[in-house]
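Chemist: sharing a sequence plus its predicted fold:
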Amino acid sequence: MTFREKGDDIIGFSCQGHAGYAPEGSDIVCAAVSCLTETCVNALESVAGVRAEVRIGDGSMDVLLPGDAGHDAQVIMKSLRQGLRDVAEEYPRYLRLTEKQ
């Protein structure tokens with residue numbers, strides 16, 4: 001999982017691959033990441049009123065915020081990052097987070 005940042009703002013994220021904690025369909029790490037990222041994208045639209053650019057592939061998701069996303073979008077993105085940090089702390093062998101400026 002990679003977060004793209006500009007200054008203090010998160011402008012997007014990318015996640016790729018499967019965690020490998022358990023077989024596909026039984027992997028709680030993948031399920032946690034999927035739940036957090038899908039909820040983030042849905043909340044950006046329904047709570048913050050932001051339509052992010054979303055690309056979904058086989059085992060991947062790329063999300064990019066528009067330039068005028070605003071404060072609510074940042075709260076949602078930072079909540080996602082915190083949730084994923086919590087999962088990565090619990091399962092460090094199966095989830096790696098990076099941040100790029």
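Modeler: Received, thanks.
Chemist: please count neighbours and contacts with C-alpha atoms only from this point.
Modeler: Noted.
Chemist: leaving out the residues flanking it, which one is nearest to the residue nearest in space to the middle of the chain?
Modeler: Geometric centre of the chain, nearest residue: residue 37, 4.3 Å, by Cα atoms, centre = their mean. Excluding the flanking residues, the one nearest residue 37 by Cα to Cα, 6 or more residues apart in numbering is residue 80, at 6.9 Å.
Chemist: just to revisit the earlier point, assumed the residue nearest to the centre of the chain was part of a strand.
Modeler: No. Counting by DSSP: H, G, I helix; E, B strand; the rest coil, residue 37 is not found in a strand; it is helix.
Chemist: thinking again about what came up before, so what does the one helix or strand the residue nearest to residue 37 maps to touch, helix or strand wise?
Modeler: Per DSSP states H and E: residue 80 is located in helix 71-90. Where contact means 3 or more Cα pairs under 8 Å, 6 or more residues apart in numbering; DSSP states H and E, helix 71-90 is packed against strand 9-16, helix 28-46.
Chemist: buried residues in the worst-scoring helix or strand of the chain on mean pLDDT?
Modeler: Taking mean pLDDT, DSSP states H and E as the measure, the chain has strand 2-6 as its least confident helix or strand, at a mean of 88. Across strand 2-6, burial judged by 16 or more other Cα atoms under 10 Å covers 2-4.
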